[in-house]
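Asks: Curious how this folds, go ahead:
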Amino acid sequence: MNPSTQTSAENNRGDNDSIDVYNCDEGDGERLIKPRTILEPRNNFASYSNENIDSVRFPHIANVNTACSDIEAISGHSRRLYIRDITPGATNFISTNYESLDYDPCENYLLQDEERKRGYKFIVRKNFARWFIFLLIGICTALIACFVDILIEELCSLKYGWLKKYVDQCVIEGCLWLPCMMWIMLNMVPVLIGAILVSYVEPVAAGSGIPQVKCYLNGVKIPRVVRIKTLAVKTIGVICTVVGGLAGGKEGPMIHSGAVVAAGISQGKSTTFKKDLKIFEYFREDHEKRDFVSGGAACGVSAAFGAPIGGVLFSIEEGTSFFNQSLTWRTFFASMITTFTLNVILSAYHGHLGDLSYPGLLNLGKFDSIPYQIYEIPLFMMMGTFGGLLGALWNHVNYKITCFRLRFVTQKWQKVIEALLVAILSATMGSLMIYFVNDCKPLGNDPTKFPVQMYCEEGQYNAVASLWFQTPESSVRSLFHDPKGAHDDLTLAIFVVLYFFLAAATFGLSMSSGLFIPSLLIGSAWGRLIGSGLAKLCPTCEVLDPGKYALLGAAAQLGGVVRMTISLTAILIEATQGIYFGLPVIIVLIMAKWVGDFFNEGIYEIHIQMAGIPLLPWESPPLSNNIYATEIMSHPVVTLKTVENVGHIAELLKCVTFNGFPVVDPPSSDEAEINSYGRLRGLILRSQLIVLLKNKVFNEYAEFWEKSLSIKMFRNEYPRYPTIEQVDITDEEKTYTIDLRHFINPSPYTIQHSATLPRAFRLFRALGLRHVPVVNDTNEVIGIITRKDVARFRIWKHRGRMGLDELLISNKI
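Replies: As a prediction, this is how the structure comes out:
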């Protein structure tokens with residue numbers, strides 16, 4: 001091992017001693033992220049004067065440009081690389097398994113040549129193509145949503161129709177164990193299908209997909225997240241989840257589905273089916289694809305809730321790292337198309353063609369009038385506080401369950417068995433509650449689609465069964481709009497407790513499911529319970545409607561779990577058509593977020609941190625201006641010359657896993673004392689180098705490729721670039737050279753060595769950068785900063801305290 005590298009590794013181990021590795025076995029159950037000591041600058045640069053600071057910041061770095069054999073020195077760019085295993089459930093690390101996307105366009109000679117040849121007419125055609133693609137995204141997302149909704153409704157009608165028939169029959173014949181066993185089997189069959197698909201076919205389709213889409217839009221490359229196989233498994237899996245009776249919804253997965261649809265349509269080809277339609281080739285770049293995925297996510301929200309405005313706000317608040325006016329307008333257009341298309345199809349399906357009364361999959365019903373008095377505002381604030389407490393508790397319970405899964409449920413067959421056990425638990429809990437809780441109510445106009453009499457008298461139905469013998473979204477709608485007295489307080493209290501833990505156990509299974517509907521159902525149940533109690537305390541107060549408090553409880557619970565404010569307010573207002581109730585909803589959501597953030601983070605952020613994904617939040621860590629670029633940069637740096645040897649490039653790509661290489665001129669003799677790597681000429685990516693090697697763009701072959709050279713050569717390989725092992729280079733070709741000047745980005749964003757962490761953070765967050773070379777006063781490269789280098793500095797907040805953490809960077813999870 002290189003001595004300098006060994007010293008750095010030893011220093012790293014020493015630094016790690018001050019970092020609190022939080023694991024699941026501590027048993028304190030107290031909190032999710034433990035406070036650490038506020039990070040001090042590694043070299044305490046702030047204590048040095050301007051005259052001697054360079055001597056501290058620029059220690060001698062061995063030249064590694066030709067030292068591919070010294071692999072430990074090169075791969076040790078991460079003097080911070082943590083080589084020991086990460087404890088399952090830890091949140092204080094960044095995984096090296098995730099790479100960044102290239103949201104910064106490469107403005108090289110090839111791009112300039114394309115623009116010069118095509119002119120302004122091409123710009124007009126390209127803009128028209130954008131609008132057309134957004135139109136297709138809206139229509140296709142709506143079609144998938146309709147397919148999911150109709151199939152779920154038909155299958156659930158058959159399932160609960162059979163169960164009602166056998167329950168009514170067995171109450172008389174004394175064989176209630178039979179419908180219970182039938183319920184278990186009817187849950188297990190679809191859950192088994194969905195779990196097998198997710199576990200064995202496409203694991204990235206598990207869950208709602210919102211954290212993955214959020215990270216993708218943030219600039220993180222999540223493997224396989226927007227592939228057509230993922231869409232297929234997601235679609236079938238969410239149907240299996242709802243039909244299987246799990247505490248999951250179809251709204252979250254619709255957001256992921258919309259993102260996949262957008263990513264597929266905008267590229268004009270399918271790498272899965274190896275089919276290239278030769279259309280939309282000019283959109284085969286990360287930054288173009290990102291904009292379409294952003295619109296697709298908004299279409300997913302619009303399809304799920306019938307909330308096009310909420311979809312646009314969701315895309316801005318939760319996902320997109322870059323937004324402009326034209327993208328906002330196109331996203332809103334696509335969301336409206338989704339709502340309209342879904343409305344037409346579902347209205348026709350329900351026998352009301354032309355009525356357009358089904359704008360989204362989640363039909364919460366219309367609140368005709370929701371009056372409220374000024375004295376109720378403190379009650380709304382208290383409900384928001386309670387929702388924040390319950391949301392933080394739910395997140396902690398789910399975190400502990402996820403820790404258990406990461407440690408003990410690691411094999412694919414174990415994940416399938418776990419999903420089956422939860423399906424059995426769901427049916428068993430429902431059966432026991434229906435059997436033991438006697439809540440009989442008179443039959444009304446339409447209490448439920450499948451009223452079960454059980455041991456109730458003639459003309460009555462079991463209100464407990466109405467909560468279990470229908471889809472979760474139908475139960476939410478019932479709790480919103482059922483009249484006063486439709487549910488006993490004991491029934492609601494027991495249901496809240498059971499469904500709370502059932503939902504916590506379901507989220508994280510190897511199933512495609514969301515948490516919007518379970519959270520809304522839990523919140524609407526305890527919200528209605530509060531409203532019912534208030535109505536009993538003041539029988540003459542007509543404004544104390546249980547349905548109104550069920551809506552606020554649903555908002556508080558969901559807000560306490562996911563910590564969304566603006567977009568969730570718009571979604572609930574559009575879904576219920578209650579614009580005049582916007583103030584109480586936003587009060588509840590703000591209080592839920594503030595209270596929940598006091599204890600832990602939102603559920604999506606928790607799972608992102610547990611996966612070690614280098615997500616960049618909206619703002620840089622506060623009080624971090626004493627951390628300099630030279631402290632966070634990676635070095636040694638692997639650089640290339642403007643004209644480089646083919647064999648050297650090939651061997652270099654095999655030796656290191658870096659994805660960006662500064663292209664430099666050799667340092668001059670009078671600059672050698674600065675210990676730099678040469679004057680910066682540009683930046684080139686690993687994918688570009690592989691494409692050049694594959695197409696043999698060598699100086700010695702210039703007569704063969706010079707006239708046909710264009711940017712299409714790179715776009716045709718996008719997004720699955722070949723690996724260096726797939727490129728065949730002969731021994732003779734290894735002696736050839738490549739002139740990189742036509743292909744490099746000649747003006748990459750750089751940062752001065754004296755820049756601070758907040759400045760570097762803003763560059764990455766606002767511009768979607770992947771690499772930023774660190775240069776000195778004479779534009780000499782002295783290091784390079786990547787997303788992981790910035791993301792490893794994270795602010796922690798807990799119970800009114802906060803501080804700065806330096807996370808581990810690990811390749812072992």
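
Asks: C-alpha from now on. contacts and neighbour counts both.
Replies: OK.

Asks: Can you list the low-confidence ranges for the stretch 551-700 of the chain?
Replies: Filtered on pLDDT under 70, the stretch 551-700 of the chain yields the residue ranges 668-675.

Asks: so where do the strands sit in it?
Replies: 640-641, 643-645, 660-665, 679-685 (DSSP state E, counting those that start in this stretch).

Asks: hmm, who's touching stretch 619-628?
Replies: When contacts are defined by Cα atoms under 8 Å, 6 or more residues apart in numbering, stretch 619-628 is touched by residues 41, 45-46, 753-758, 761-762, 793-795, 804.

Asks: just stretch 309-326 next, same as before
Replies: By Cα under 8 Å, 6+ apart, stretch 309-326 touches 213-215, 217-219, 294-295, 297-302, 328, 331-332, 335, 564, 566-571, 574, 765-768.

Asks: Who are the packing partners of the helix or strand Arg794 falls within?
Replies: According to DSSP states H and E, Arg794 maps onto strand 793-798. Judged by 3 or more Cα pairs under 8 Å, 6 or more residues apart in numbering; DSSP states H and E, the packing partners of strand 793-798 are helix 582-599, strand 801-806.

Asks: so what's Gly559 up against?
Replies: So Gly559 contacts 387-388, 391, 565, 568, 589, 592-593 (Cα under 8 Å, 6+ apart).

Asks: from memory Arg407 sits against Lys400, does it?
Replies: No - counting by Cα atoms under 8 Å, Arg407 does not reach Lys400; the two are 10.9 Å apart.

Asks: Could you check what's spatially nearest to the residue nearest in space to the middle of the chain, not counting adjacent residues?
Replies: With distances taken as Cα atoms, centre = their mean, the residue of the chain nearest its centroid is Pro211 (1.7 Å). Excluding its sequence neighbours, the residue lying closest to Pro211 (Cα to Cα, 6 or more residues apart in numbering) is Tyr604, at 5.5 Å.

Asks: Over to Ser270?
Replies: Closest to Ser270 by Cα to Cα, 6+ apart is Asp276, at 6.3 Å.

Asks: Against Asn462, how distant is that neighbour?
Replies: Distance of Asp276 to Asn462, computed by Cα to Cα, to the nearest Å: 57 Å.

Asks: Please identify which of the two sits among more neighbours.
Replies: Asn462 (24 against 13; other Cα atoms under 10 Å).

Asks: hey, what's the more buried one bridged with?
Replies: Counting by DSSP bridges, Asn462 forms beta bridges with Cys440.

Asks: which residues does it contact?
Replies: Contacts of Asn462 (Cα under 8 Å, 6+ apart): 434, 438-441, 451-456.

Asks: Recalculate using a threshold of 10 Å.
Replies: For Asn462, the contacting residues are 434-435, 437-443, 451-456, 487, by Cα atoms under 10 Å, 6 or more residues apart in numbering.

Asks: In strands only, show me those.
Replies: Members of the contacts of Asn462 lying in strands (criterion: DSSP state E): 440-442.

Asks: hmm, back to that, now the buried members of the contacts of stretch 309-326.
Replies: Neighbour counting by 16 or more other Cα atoms under 10 Å classes 213-215, 217-219, 294-295, 297-302, 328, 331-332, 335, 564, 567-571, 574, 765, 768 among the contacts of stretch 309-326 as buried.

Asks: quick one: which of these sit in helices?
Replies: 213-215, 217-218, 294-295, 297-302, 328, 331-332, 335, 567-571, 574, 765 (DSSP state H).

Asks: For the residue lying closest to Met433 once chain neighbours are set aside, give its distance to Asn625.
Replies: Spatial nearest neighbour of Met433, chain neighbours left out: Val464 (7.2 Å); criterion: Cα to Cα, 6+ apart. For Val464, the distance to Asn625 (Cα to Cα) stands at 58 Å.

Asks: neighbour count winner among those two?
Replies: Between Val464 and Asn625, counting by other Cα under 10 Å, Val464 is the more crowded of the two (26 against 14).

Asks: Then the more buried one would be within a strand, right?
Replies: No - looking at Val464 with DSSP: H, G, I helix; E, B strand; the rest coil, it is helix, so not inside a strand.

Asks: what sits against it?
Replies: By Cα under 10 Å, 6+ apart, Val464 lies in contact with 430-431, 433-441, 451-452, 487-488, 491-492, 495.

Asks: Go through the strand holding Arg794 and flag the buried ones.
Replies: Buried, per 16+ other Cα under 10 Å, within strand 793-798: 793-798.

Asks: Ok, stretch 591-599 next?
Replies: 591-599.

Asks: can you redo those as JSON lines with distance to Glu717?
Replies: As requested, the buried residues of stretch 591-599 are arranged in JSON lines below (distance: Cα to Cα, whole Å):
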{"residue": "Met591", "distance to Glu717": "49"}
{"residue": "Ala592", "distance to Glu717": "47"}
{"residue": "Lys593", "distance to Glu717": "44"}
{"residue": "Trp594", "distance to Glu717": "46"}
{"residue": "Val595", "distance to Glu717": "48"}
{"residue": "Gly596", "distance to Glu717": "45"}
{"residue": "Asp597", "distance to Glu717": "44"}
{"residue": "Phe598", "distance to Glu717": "47"}
{"residue": "Phe599", "distance to Glu717": "46"}
